[in-house]
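Novice: the sequence isn't on hand, but the structure is:
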């Protein structure tokens, strides 16, 4: 299977690796739940529900907050110019290995930018959340507090 440019490949059937290029394809590829055009992405955060980069821009992913990128570039670049999240909390740890908490981020598919040839295909960039963030465990299950809040 070819995952990128190669100098030489020999053999029988050579398959090209799937590189999702749209938000819908990316979510399908990584098994992200999408309901009514809204994907639930995940962020690994520090105790204050932020990250070192988000904190510089006064962005909080605290439960109940609806973060939006103040520097959204329309999805042009892979990094910067937006918010970033992963398809699963454990995958989000790669971008914040010291994370103490995890949050679910509801994001409209139309606000997600995928970079299929990027250096970090296991994350996407997005303009902002479309409804409040909620706390989850490292397996993506909502915390008891999040469940209580949703019931109210």
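Specialist: That came in fine, so what should we check first? Worth saying up front: this structure is predicted, and the values here are computed from it rather than measured.
Novice: residue 88 is in contact with residue 123, correct?
Specialist: No. Taking contacts as CB atoms under 8 Å, residue 123 lies outside contact range of residue 88: 10.7 Å. Glycine gets a C-beta too; all of them are placed from N, C-alpha and C.
Novice: neighbour count for these two, which is higher?
Specialist: The residue with more neighbours, out of residue 123 and residue 88, is residue 123; 23 against 18, by other CB atoms under 10 Å.
Novice: got the contact list for the more buried one?
Specialist: Contacts for residue 123 were tallied using CB atoms under 8 Å, 6 or more residues apart in numbering; they are 84-86, 91-92, 95.
Novice: now do the strands in the protein.
Specialist: 34-35, 38-45, 83-85, 101-108, 112-113, 124-126, 134-136 (DSSP state E).
Novice: what's the spacing between stretch 117-136 and its chain's center?
Specialist: 3 Å (CA atoms, centre = their mean, to the nearest Å).
Novice: again with stretch 72-86
Specialist: Chain-centre distance of stretch 72-86: 11 Å, with CA atoms, centre = their mean.
Novice: show me what that stretch is in contact with.
Specialist: Residues from elsewhere that reach stretch 72-86 (CB under 8 Å, 6+ apart): 41-44, 54, 59, 67-69, 71, 92, 94-95, 105, 107, 112-113, 115, 118-120, 122-129.
Novice: measure it end to end?
Specialist: 18 Å (CA to CA, to the nearest Å).
Novice: and stretch 76-90, by the same measure?
Specialist: Using CA to CA, the two ends of stretch 76-90 sit 26 Å apart.
Novice: what about it, average pLDDT?
Specialist: For stretch 76-90, the mean pLDDT works out to 96.
Novice: buried residues in that stretch?
Specialist: For stretch 76-90, the neighbour count (16 or more other CB atoms under 10 Å) marks 78, 81-89 as buried.
Novice: need the residues you listed in TSV (columns: distance to residue 13).
Specialist: TSV is the format used below for the buried residues of stretch 76-90 (distance: CB to CB, whole Å):
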residue	distance to residue 13
78	31
81	40
82	38
83	40
84	36
85	35
86	32
87	29
88	31
89	36
